[in-house]
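> only geometry, no sequence info:
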DNA sequence: CAAACATATTCTCATATCGGAATGTGTCAA
DNA sequence: TTGACACATTCCGATATGAGAATATGTTTG
């Protein structure tokens, strides 16, 4: 087996820098392919190809407007990415939780000493 | 040019599901390679190879312990991922902003009707 | 209809992946 | 020292990428 297809999920689709740039550009609002090629300084075919990937993963929607196609962001698939990465927020905010976990295990504590359940924020500004 | 190397950055490294699983497993605390192969049901070489990638990107640190090597998560590189994805939070929380933007443009409104600047949260639970 | 314009698709090529199998390196024990 | 154990690296093969160039599809205008 080879590397997973870029169209497998948002994780793979977004791993490509150009695709992130495209999404960033579209974050401001709908844009046509031509606008993107100019903004990113890429060749038109490459832009179309990247857009195809983004579309297959559901990260962008298209709309026909005369002879051009207007693309817009659909951030929904990014939620999964955000959710997964978010779990590590406390790990980079505080090295302590990690140690706490280990200590809890060693101590045989039943209650994992939850750190403010329900709130993703740690309170520490980072 | 081909696809970017998996060791290019956290984005690429984390696009691989197995690597995410490894990080998830390590989130609980240090683990040896053997522990990981058992937990994930993978062959030892594959685990080592994935760990290599994660290490090159700085997502894990290693520590020698006798004849085994203990790996631990270093979430720092994930901050960039989180930061980028986080920019799209409002876009998936409310489809409204997007539409608002379009409406504003059509109406020629000067003030973009900002949605609670300073707060990333939209108030809407989703 | 033909020409111009906007996008999409196809083809080629160099590259890197991931898994599997085999092998290499280093450490502990008898 | 030899053997067992833990892990890392290398070689293989199938696959898919991303850029570039060329071409196809589709829409508007004259």
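The structure has been received and is ready for your questions. Since this is a predicted model, take the numbers as computed values, not measurements.
> contacts, neighbours, all on C-alpha from now
OK.
> For residue A:8, give its distance to residue A:54.
According to C-alpha to C-alpha, to the nearest Å, residue A:8 stands 10 Å off from residue A:54.
> err, residue A:16, not the other one
For residue A:16, the distance to residue A:54 equals 11 Å [C-alpha to C-alpha].
> of the two, who's got more company?
residue A:54 (25 against 16; other C-alpha atoms under 10 Å in any protein chain shown).
> Can you tell me the element that one falls in?
Assessed by DSSP states H and E, residue A:54 sits inside helix A:44-56.
> Give me the buried stretch members for the next helix-or-strand element following that helix, please.
Counting by DSSP H and E, the next helix or strand C-terminal to helix A:44-56 is strand A:60-65. Under the neighbour-count criterion of 16 or more other C-alpha atoms under 10 Å in any protein chain shown, strand A:60-65 has A:60, A:61 buried.
> What is the helix holding residue A:54 packed up against?
The helices and strands touching helix A:44-56, judged by 3 or more C-alpha pairs under 8 Å, 6 or more residues apart in numbering or on different chains; DSSP states H and E, are helix A:17-26, helix A:33-40, strand A:60-65.
> What are the buried residues along the helix or strand hosting residue A:84?
Taking DSSP H and E as the definition, residue A:84 sits inside helix A:78-86. Residues of helix A:78-86 classed as buried by neighbour count (16+ other C-alpha under 10 Å): A:78, A:79, A:81, A:82, A:85, A:86.
> how about the second one, what does it touch?
Taking C-alpha atoms under 8 Å, 6 or more residues apart in numbering or on different chains as the contact definition, residue A:79 lies against B:89, B:92.
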